[in-house]
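K.L.:
With the sequence up front, the predicted model follows.
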Amino acid sequence: MPKKTESWTYRRAGVDIDAGDALVDRIRRRLPSIGDFAGLFPFPAGYKRPYLVGCTDGVGTKLKIAQELDVHETIGIDLVAMNVNDLICCGARPLFFLDYFAAGKLDVDVAEKVVGGIIRGCREAACALIGGETAEMPGMYRPGEYDLAGFSVGVVDHSQRVDPSRIKPGDVLLGLPSSGFHSNGYSLVRAVYRGALLKKWGKKLLAPTRIYVRPVLGALKRYPGDIKGLAHITGGGLLENVPRFLPKKCDAVFTLGRWPVHDVFVELQRRGRVRDQEMFRTFNMGIGMVLAVSPDRSRSIQKYLSPCYEIGRVSAGSQKVRLI
C-alpha cells in the first residue's frame, strides 16, 4: 500500500501503460499499419457469391511448456495454425488474423517474441495480421504466465465450397503428416513429460503446428470437385474429427501402419501406459489433416501434396471411424 502522502497510479496498481506502448512501437516497426482502433481489410474481388468464414481458437496448455522452458518464438505460429487450418476445411482462403495476448505483468521482450511468431504464421498462411489486443491484468495470472487467443476471417465463393455431402463409399482418405502433437492433448503430455524428461523432449514438444493453407488451397484449385471433405485433426483425434465431414451412411476406415507415427507419441504411450483408443481419441497420431478424395484422382492429389499418405477408404456405415 502507498503511504498516505502518495497517490495511486495505474502503474502502482500493477498496469504499466508505457510497457504496452513500447510493445506496440516494436510491432509497428514490422507492421506499420498496426495501432489504430480497428483493422481495415479490403474485400477481394472476383467472388460471385462470397461467404465470409470465421474461426477462433487458442493453443491450450502448450503455453505452459513454452513458459516453463522459456521458449516463446514459435507459440504464435501455433496460434495462427489452429485457426487457419480450420478455415480451409470448407475451402476458404484466410484473409486476416487478430490476436489477444493477456498477462499479469507485461514482459515486452517475451510478448515481442510471441507476436513475432504470429507474424511468421500469418506470412506462412498468406493472411494479414491487422491488429490485436494486449491486456495486462495484475492478479489474474502468476508471474511469467500469459494467455493467447486468436481470430481469423476468410472467404470462399459458393461454387468453391468443399461439399462433404458428395462423399460416398469407395472414396479414398489421404492424410497430411503433422509435425508432432500440434496444439492438442497437452494436459496429458504435461502429465507424462515432466522434469528432466520435459527438457530432453522440449524441442519436439514445442514443434509448431503445421500450417496447411498453401498446399491444400493449391490442391483445391488444381483438382476442383475431387476433394470432397477436409478434416483438421485437433482435439478428439481421427475418431472425433473425421465424422464431422462424413455423410450419415458412410464410415471412415483407416488402415494402421500406412503412415509414420512420431517418436513423441510412442514415448508418451509407453511411459504413460496409455491405451490405443485413448491415444487416437486425444492426439492426431501423426496426421494433421485428412482429405476425402475421388478414387480416380487420389494418386495425382497424393503426389501433388507430397508428403501425403493414403491412409484409408470410405465405406458404407453409420458415420463412424474404424481403425483396422
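P.N.:
Looks like it came in fine.
K.L.:
Isn't Cys89 up against Lys228?
P.N.:
No. Using C-beta atoms under 8 Å, Cys89 is not in contact with Lys228, being 11.8 Å away. C-beta coordinates here come from the backbone N, C-alpha and C atoms, glycine included.
K.L.:
doesn't Arg190 fall inside a helix?
P.N.:
Yes. Arg190 forms part of a helix when assessed by DSSP: H, G, I helix; E, B strand; the rest coil.
K.L.:
rewinding a little: more neighbours: Cys89 and Lys228, which one.
P.N.:
Higher neighbour count among Cys89 and Lys228: Cys89, with 23 against 20, using other C-beta atoms under 10 Å.
K.L.:
list residues touching both of Cys89 and Lys228?
P.N.:
Residues touching both Cys89 and Lys228 (C-beta atoms under 8 Å, 6 or more residues apart in numbering): Val162.
K.L.:
Give the full set of residues in contact with the closest residue in space to Pro260 that isn't next to it in sequence.
P.N.:
Counting by C-beta to C-beta, 6 or more residues apart in numbering, Pro260 lies nearest to Gly286, which is 6.0 Å off, once chain neighbours are set aside. Gly286 makes contact with 175, 177-178, 259-262, 265, according to C-beta under 8 Å, 6+ apart.
K.L.:
do Val290 as well
P.N.:
173-176, 229-231, 233, 238, 241-242, 252, 311.
K.L.:
let's go with 10 Å and repeat that
P.N.:
Val290 makes contact with 89, 173-176, 229-233, 238, 241-242, 245, 252, 254, 284, 311-312, 321, according to C-beta atoms under 10 Å, 6 or more residues apart in numbering.
K.L.:
mind listing which of those residues are in helices?
P.N.:
If you go by DSSP state H, these have 238, 241 in helices.
K.L.:
which residues of the protein fall in helices?
P.N.:
Along the chain, the segments classed as helices by DSSP H run 17-30, 62-69, 75-87, 108-124, 186-192, 195-205, 213-222, 237-241, 263-272, 276-282, 298-304.
K.L.:
Just tell me which of the ones you listed ends up closest to Tyr141.
P.N.:
Smallest distance to Tyr141 across the helices of the chain (C-beta to C-beta): 10.0 Å, for helix 62-69.
K.L.:
Also compute the angle for that closest one relative to helix 75-87, please.
P.N.:
170 degrees (axes from the mean of the first three to the mean of the last three C-alpha atoms, to 10 degrees).
K.L.:
Counting by contacts, list what helix 62-69 packs against.
P.N.:
Applying 3 or more C-beta pairs under 10 Å, 6 or more residues apart in numbering; DSSP states H and E, we find helix 62-69 packed against helix 75-87, helix 108-124, strand 146-157, helix 186-192, helix 195-205.
K.L.:
Could you pull out the buried residues of it?
P.N.:
Buried residues in helix 62-69, defined by neighbour count with 16 or more other C-beta atoms under 10 Å: 62-63, 65-67.
K.L.:
Check stretch 179-191 too.
P.N.:
Neighbour counts over stretch 179-191 (16+ other C-beta under 10 Å) mark 179-186, 188-190 as buried.
K.L.:
what's the span of that stretch from first residue to last?
P.N.:
21 Å (C-alpha to C-alpha, to the nearest Å).
K.L.:
Which among the contacts of Val290 count as buried?
P.N.:
For the contacts of Val290, burial is judged from neighbour counts taken by 16+ other C-beta under 10 Å, and it is met by 89, 173-176, 229-233, 238, 241-242, 245, 252, 254, 284, 311-312, 321.
K.L.:
still on that earlier bit, taking the contacts of Gly286 one by one, which sit in strands?
P.N.:
175, 177 (DSSP state E).
K.L.:
Disregarding flanking residues, what is the spatial nearest neighbour of the residue nearest the centre of the chain?
P.N.:
Centroid check for the chain by C-alpha atoms, centre = their mean gives Met82 as the closest residue, at 1.6 Å. Nearest residue to Met82, sequence neighbours excluded (C-beta to C-beta, 6+ apart): Asp57, at 4.2 Å.
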